[in-house]
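**Student:** My questions are about this predicted structure, shown below with the sequence.
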Amino acid sequence: MTAHDNPGVIAPPPLIGLAVIVGGLLLDWLLPAYLLTVLLSLEDRLVIGALLLLAGLALAISALGAFRAARTNPEPWKPSRALVAGGIFRWLRNPMYVGGLLVLAGLSIALASDWMLVLAIGSAFVLHYGVVLREERYLAAKFGPAYAAYRDAVPRYGWPF
């Protein structure tokens, strides 16, 4: 293992999520928009938020279990010791990121945090360009044809395009 045996992501994804939460709540306090409050009742926000949050946690926890079973690091700033293609990874290549975004969306809706939702959408681009694409280059270099076959068979975010 070399010092450069990692994808070189721009930031740990949990910190990106934390920045979305803190930044969103701060912006809600400074520049409240009240859009979610007007569009959805408290009950609707709580139900939708809880469903998204639970779906996101289920994806992330399932992915974490698959990483642990394969005895590899789930953290993208650490070396990958194995290519994980089983479990939830049979259907989507990035379940932890999809799950994290669902958690952020659920939390945003439940709290009626308009700005958190806007920042969560923006963070999807940060994750894609600053984390996912870097991981893909790293995994292609590290696992070669095995990763190429996996990449070609499984959609990046769970939908087939």
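**Tutor:** Yep, it's here. Numbering: from 1, shown residues only.
**Student:** Where does pLDDT dip in the chain?
**Tutor:** 1-3, 160-161 (pLDDT under 70).
**Student:** Nearest the geometric middle of it, what residue?
**Tutor:** residue 97 (1.5 Å; C-alpha atoms, centre = their mean).
**Student:** How much space separates that residue from residue 81?
**Tutor:** 20 Å (C-beta to C-beta, to the nearest Å). Yep, even glycine has a C-beta here, placed from its N, CA and C like the rest.
**Student:** Now do the buried residues in the biggest helix by length in the chain.
**Tutor:** Looking across the chain with DSSP state H, the single longest helix is helix 42-69. For helix 42-69, a neighbour-count test (16 or more other C-beta atoms under 10 Å) marks 45-46, 48-49, 52-53, 55-56, 59-60, 62-63, 66-67 as buried.
**Student:** helix or strand right after it?
**Tutor:** helix 95-110 (DSSP states H and E).
**Student:** Which is the succeeding secondary structure element to that following helix?
**Tutor:** Helix 95-110 is succeeded, C-terminally, by helix 114-127 (DSSP H and E).
**Student:** which SSE is residue 9 in?
**Tutor:** Going by DSSP H and E, residue 9 is not part of any helix or strand.
**Student:** Distance check, the residue nearest to the centre of the chain against residue 77.
**Tutor:** Distance from residue 97 to residue 77, by C-beta to C-beta: 14 Å.
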